[in-house]
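Chemist: I need the structure of the sequence given here:
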Amino acid sequence: MGKALFFDVDGTLVNFQGKMPESARAALIKAQQNGHQIVLCSGRSKIQIYSWLLELGFDGIVAATGAYVECGGKVLYRHFMTKEELRTVTALLDEADACYSAQAGNRMITSAKHRERQMARFKNLGDEEMIDYIWSHVEIADDLVQFEDIEKIVYYESKMPVQEIRERLSGMCDVTESSFEADISDSGEITCSGINKAYGIQKYIEYAGIDREDTVAFGDGPNDFDMIEYAATGVVMGNAQETLKSRADFVTKGIDEDGLAYAMEALGLI
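Modeler: A predicted model of the protein is given here:
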């Protein structure tokens with residue numbers, strides 16, 4: 001029986017200019033032909049994942065940092081933030097003068113006052129096509145507490161550092177540094193406590209009937225720590241931060257050095 005391979009998106013499958021190395025694309029196809037399941041495992045909500053990436057035919061999706069799990073096109077699990085969590089989180093982010101938005105499955109939600117700040121921030125990332133696509137699925141609302149399907153909140157330009165926000169939300173929510181920002185001190189991702197990529201992987205393999213010992217995870221960013229440690233084999237990209245590399249079973253080359261394909265070949269997956 002083949003293994004289940006879980007792939008982070010930004011910095012692992014796709015570089016920070018929104019480009020996927022051809023070697024990575026070929027490796028995914030070959031791995032699937034060899035009987036392995038290929039699964040996206042991203043902090044992005046499903047609507048934020050590149051349509052051309054989904055067209056590669058992944059067997060499953062773990063999105064919103066574990067709050068959304070899908071296998072074979074069937075939604076297995078979704079976890080939503082409670083009104084109390086939303087009320088507490090948004091009050092703190094307002095205190096920090098951060099701009100923020102919510103991930104809610106097939107759309108994003110933000111307030112009118114935060115819209116322009118976020119659009120300017122995203123444009124600095126340089127991926128105009130993806131930015132236009134995401135913002136075509138944005139709902140404007142001033143109060144997030146009214147929604148019952150919010151999976152996660154992302155924030156930027158906070159005057160309060162990540163560590164302080166993490167401490168203030170301790171016991172209720174997990175706070176992780178942003179996965180795609182150069183300066184991570186003012187940006188982060190907020191999920192319900194205990195909801196992470198490892199949790200999503202667990203949900204997926206339980207449904208798919210795959211043993212944990214047959215899992216391999218590939219990642220590079222702050223929200224990949226738990227899945228790298230959970231998977232039987234944790235592969236970290238050469239472009240990752242050193243603290244994540246120290247947790248890896250295998251450290252490969254950088255994404256733009258064909259690192260994904262290199263690791264998959266070295267591990268006998270292709």
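
Chemist: OK, contacts around the residue nearest to residue 169 when sequence neighbours are not counted?
Modeler: Ranked by C-beta to C-beta, 6 or more residues apart in numbering and with sequence neighbours excluded, the top spatial neighbour of residue 169 is residue 175, at 5.8 Å. Yep, even glycine has a C-beta here, placed from its N, CA and C like the rest. Taking C-beta atoms under 8 Å, 6 or more residues apart in numbering, we find residue 175 in contact with 162, 165-166, 169, 188-190.

Chemist: top of those residues by neighbour count?
Modeler: residue 188 (28 neighbours; other C-beta atoms under 10 Å).

Chemist: Tell me how far the nearest residue to that residue once chain neighbours are set aside lies from residue 186.
Modeler: Closest residue in space to residue 188, ignoring its immediate chain neighbours: residue 162 at 4.9 Å, by C-beta to C-beta, 6+ apart. Distance from residue 162 to residue 186, counting by C-beta to C-beta, to the nearest Å: 8 Å.

Chemist: Over to residue 1?
Modeler: Taken as C-beta to C-beta, the span from residue 1 to residue 186 is 45 Å.

Chemist: which one of these two has more residues nearby?
Modeler: Set side by side, residue 1 and residue 186 show more neighbours around residue 186, with 18 against 10, by other C-beta under 10 Å.

Chemist: Contact partners for the nearest residue to the more buried one once chain neighbours are set aside?
Modeler: Nearest non-adjacent residue to residue 186, counting by C-beta to C-beta, 6+ apart: residue 158, 4.8 Å away. Counting by C-beta under 8 Å, 6+ apart, residue 158 touches 93, 96-98, 165, 186-188.

Chemist: can you check residue 58 too?
Modeler: 38-40.

Chemist: the helices in the stretch 101-250 of the chain, which residues?
Modeler: 112-123, 128-135, 162-168, 197-208, 225-230, 242-245 (DSSP state H, counting those that start in this stretch).

Chemist: possible to save those as CSV with distance to residue 67?
Modeler: Conversion of the helices of the stretch 101-250 of the chain to CSV gives the following (distance: least, C-beta to C-beta, whole Å):
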stretch, distance to residue 67
helix 112-123, 20
helix 128-135, 18
helix 162-168, 18
helix 197-208, 7
helix 225-230, 13
helix 242-245, 21
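
Chemist: To residue 5, which of these lies closest?
Modeler: When these are compared by C-beta to C-beta, helix 197-208 sits nearest residue 5, at 10.7 Å.

Chemist: what does the closest one rub up against?
Modeler: Applying C-beta under 8 Å, 6+ apart, the set of residues contacting helix 197-208 is 4, 6, 8, 37, 39, 41, 43, 60, 62-63, 65-69, 71, 76-77, 210-212, 215, 217, 219, 223-224, 226-227, 229-231.

Chemist: In strands, which of those appear?
Modeler: Members of the contacts of helix 197-208 lying in strands (criterion: DSSP state E): 4, 6, 37, 39, 41, 60, 62-63, 68-69, 71, 76-77, 215, 217, 219.

Chemist: Show me the beta-bridge partners of residue 41.
Modeler: Here residue 41 shows beta-bridge partners residue 62, assigned using DSSP bridges.

Chemist: Return the helix or strand in this structure with minimum mean pLDDT.
Modeler: Ranked by mean pLDDT, DSSP states H and E, the weakest helix or strand in the chain is helix 128-135, scoring a mean of 66.

Chemist: Lowest mean pLDDT across the helices of the stretch 101-250 of the chain, which one is that?
Modeler: Lowest mean pLDDT within the helices of the stretch 101-250 of the chain: helix 128-135, at a mean of 66.

Chemist: Kindly tell me how buried residue 72 is, as a neighbour count.
Modeler: There are 11 residues near residue 72, going by other C-beta under 10 Å.

Chemist: can I get the contacts of residue 175 in CSV with distance to residue 260?
Modeler: Converted to CSV, the contacts of residue 175 look like this (distance: C-beta to C-beta, whole Å):
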residue, distance to residue 260
162, 28
165, 32
166, 30
169, 33
188, 26
189, 23
190, 28
